[in-house]
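# pasting a predicted model and its sequence here:
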Amino acid sequence: MGTVLEVRDLTKKYVEGTAESKVVDHVSLDVDEGEFVIIMGASGSGKTSILHLIAGIDTCSEGSIKYTLPDEVRRPAGHVFRCALGYTLPDEIGPSRRSKRHGLSGGNRPADLARMNEKEKTMFRRANIGLVFQQQCLIPDLTVYENIMLPLMLDRNRKENAFKKDKIMNLCGRFGLKEHVRKYPSQLSGGQQQRTAILRSVANLPPLLLCDEPTGSLNSAQTELVMDLLEELNKGGQTIILVTHDIRVAARGKRVLYIEDGHVEGELDFTEHIPNGAEMHPDSGPDTAGTDAFHTIEDREEKLIHFLQERGW
């Protein structure tokens, strides 16, 4: 799998008089297709600022944010391509959609978000980046179904959208929202609202999903349901970057970056000892025995706690 995101020397600084403050300090990182990357750090460390810069919500002072996205899905005629939502688009829909959406030209040329103006960033983000926040940001006057469909309503590809409507209903059934599709956000629990927000963020198949403390306002039971959904999306191929303070949430990812004073202080890769072809399961571990991999959530939590304590957590 190729690299989706390449960040180099990313810096965000504020100047007041003669004083200069760097909230993000020369951060460099790569994110490959299909990864589930966790960003952790103390409050004020700069982790949310990094996420906002990667999303193009904020503007960096220095550095580059390069997305490398194929402008066409090449595959034999008659085949379909998988997506993280667990459904496929027919050949007559898929390639044309992919070729238009990324805003790139000429194969796999990178797009540098740091060099785009505000309009260009908005259009790029709408097509390529899904966003999930701690507060669900649902539109109160729209039903669950209408909120999820909103990104598609903004798209003029009617043929593709008509194809997706039934699939969206199936997804609602898979993730416990089928009985609530005609309800409004005020009639839902916090966890149901967040699952709605996540499905809305991936409805148009963005290559990258960015989540900022998506479980921060949820209880433990609702947190498990939301993380089950994100993990299911990741298993289907969705690339995810998630910011969190919660160790149990972080242990569900594949790689953890620790941010301190605006820079990357350390990295923990849960998959580094897993053999090729093996899967890392939350409860039972990889599907092959006799390895050094972190077999259970508890193993990963223990390793993560040790990793964080070494860095003054």
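Done, it's in.

# what ranges does this protein have for its strands?
With DSSP state E as the criterion, the chain has strands at 3-16, 19-32, 36-41, 62-68, 81-82, 88-89, 110-112, 129-132, 208-212, 239-243, 255-260, 263-269.

# format those strands as CSV; extra columns: distance to P140.
Heads up, the C-betas are built off the backbone N, CA and C, glycines and all. CSV is the format used below for the strands of the chain (distance: least, Cβ to Cβ, whole Å):
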stretch, distance to P140
strand 3-16, 32
strand 19-32, 32
strand 36-41, 30
strand 62-68, 32
strand 81-82, 34
strand 88-89, 31
strand 110-112, 34
strand 129-132, 18
strand 208-212, 21
strand 239-243, 25
strand 255-260, 34
strand 263-269, 38
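
# quick one: closest of these to R200.
For these, proximity to R200 was assessed by Cβ to Cβ; strand 129-132 is nearest, at 8.3 Å.

# and the closest one, how far out from the chain middle?
Mean-position distance between strand 129-132 and its chain equals 6 Å (Cα atoms, centre = their mean, to the nearest Å).

# pLDDT weak spots in the stretch 101-250 of the chain?
Under the criterion pLDDT under 70, the flagged ranges of the stretch 101-250 of the chain are 101-109, 155-164.

# and the helices in it?
Assigned by DSSP state H, counting those that start in this stretch, the stretch 101-250 of the chain shows helices spanning 118-128, 144-153, 158-174, 190-202, 220-235, 247-250.

# most centrally placed residue in the protein?
Closest to where the C-alpha atoms of the chain average out (Cα atoms, centre = their mean) is L209, at 2.4 Å.

# just give me the neighbour total for the residue nearest to that one when sequence neighbours are not counted.
Nearest non-adjacent residue to L209, counting by Cβ to Cβ, 6 or more residues apart in numbering: G130, 4.2 Å away. Look at G130: counted by other Cβ atoms under 10 Å, it has 27 neighbours.

# run through the residues that contact G130.
S201, V202, N204, P206, L208, L209, L210 (Cβ atoms under 8 Å, 6 or more residues apart in numbering).

# also F36?
Contact analysis of F36 by Cβ under 8 Å, 6+ apart lists L230, E231, N234, T239, I240, L242, R252, G253, K254, R255.

# quick check: bridge partners of the fifth one?
What it means is I240. Beta-bridge pairing for I240 (DSSP bridges): F36, L209.

# would you mind confirming that it is in contact with L233?
Yes - between I240 and L233 there is a contact at 7.1 Å, judged by Cβ atoms under 8 Å.

# joint contacts of these two?
With Cβ under 8 Å, 6+ apart, I240 and L233 have common neighbours L209.

# distance to Q134 and mean neighbour count for the helices of the stretch 101-250 of the chain - can I get that in CSV?
Converted to CSV, these look like this (distance: least, Cβ to Cβ, whole Å; neighbours: other Cβ atoms under 10 Å):
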stretch, distance to Q134, mean neighbour count
helix 118-128, 19, 16
helix 144-153, 17, 19
helix 158-174, 22, 15
helix 190-202, 9, 23
helix 220-235, 11, 18
helix 247-250, 12, 20
